[in-house]
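Trainee: Here is the input, now give the coordinates:
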Amino acid sequence: MEKLKLVGIVGTNADKSTNRTLLKFMQKHFADKAEITLIEVKDLPFFDKPDSHKAPAAIATINEQVAKADGVIIATPEYDHTIPAPLTNLLEWFAYTDKPLQDKPVMIVGSSYGVLGTSRAQNHLRQILNAPELRALLLPGREFLLGHSLKAFDEEDNLLDKDKVAQLEAYFADFSSFVTRVKG
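Mentor: Residues are numbered from 1 along each chain as shown. Okay, here's the model as predicted:
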């Protein structure tokens, strides 16, 4: 079976993020099944609703990467019960310019320092991704919530909890099948 080409969006501009670490783990752990290219939301221009509907160069590059990918993984932290502003900013650019998420399979994962993982942020992100201008394809009933993330990884960015690894593997297998079906 051909490897999937996925992009993983780091949903925060923080220099140190367990969501980035989670995506790096996934990149390494699923390397035999998928090529995962990481995309940062750091240093992107603020959404300003240009009359031209043209994306600035940095956004246009990301739009192209997403459009060419078989699917997208978004790793979001949870700040004040929602997703971070830099991730919202990127999604606003997507919706207003080239709309690369429309009919694109998207997997949502998230890690946080607290016990609940990113349950509220993931729920909010699902609502956002269902907006008419974004219209991403999401698997219902699937989520990966990693709580206490500061203690979840070793020095080589390996996820330590075998049950969490198994949960992530099951979700990734379901997502891979979903992507393959969507590709037709």
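
Trainee: longest helix anywhere in the protein?
Mentor: As assigned by DSSP state H, the longest helix anywhere in the chain is helix 162-183.

Trainee: What is that one packed up against?
Mentor: Judged by 3 or more C-beta pairs under 8 Å, 6 or more residues apart in numbering; DSSP states H and E, helix 162-183 is in contact with strand 4-10, helix 18-29, strand 71-75, strand 105-111, strand 144-146. C-beta: built from backbone N, CA, C; applies to glycine.

Trainee: Tell me the strands beside the fourth one, with direction?
Mentor: Just to be clear, that refers to strand 105-111. Each strand paired with strand 105-111, and its direction, by DSSP bridges: strand 71-75 (parallel), strand 137-138 (parallel), strand 144-146 (parallel).

Trainee: got a list of contacts for the second one?
Mentor: Meaning strand 137-138. With C-beta atoms under 8 Å, 6 or more residues apart in numbering as the test, strand 137-138 has contacts from 103-106, 108, 126, 129-130, 178, 182.

Trainee: any weak-confidence spans in this protein?
Mentor: For the chain, residues meeting the criterion pLDDT under 70 lie at 1.

Trainee: where's the residue located most distally from the centre of the chain relative to residue 96, distance?
Mentor: The centre of the chain is farthest from one residue, residue 51, which by C-alpha atoms, centre = their mean lies 28.1 Å away. Here residue 51 is placed at a distance of 11 Å from residue 96 (C-beta to C-beta, to the nearest Å).

Trainee: Bridged to the residue nearest to the spatial centre of the chain, which residues?
Mentor: In the chain, the residue lying closest to the centroid (C-alpha atoms, centre = their mean) is residue 74, at 0.7 Å. Beta-bridge partners of residue 74, counted by DSSP bridges, are residue 9, residue 108.

Trainee: quick one: contacts for it?
Mentor: With C-beta under 8 Å, 6+ apart, residue 74 has these contacts: 8-9, 11, 87, 106-109, 125.

Trainee: The same query, at a cut-off of 10 Å, please.
Mentor: Taking C-beta atoms under 10 Å, 6 or more residues apart in numbering, we find residue 74 in contact with 7-11, 19, 23, 39, 41, 83, 87, 90-91, 101, 106-110, 122, 125, 129, 136.

Trainee: Likewise for residue 24?
Mentor: By C-beta under 10 Å, 6+ apart, the neighbours of residue 24 are 8, 10, 36, 38, 75, 153, 156-158.

Trainee: out of those residues, which is most surrounded?
Mentor: residue 75 (28 neighbours; other C-beta atoms under 10 Å).

Trainee: That residue reaches residue 7, doesn't it?
Mentor: No. Here residue 75 does not reach residue 7: they are 11.3 Å apart, not a contact under C-beta atoms under 10 Å.

Trainee: what touches both of the two?
Mentor: With C-beta under 10 Å, 6+ apart, residue 75 and residue 7 have common neighbours 23, 38.
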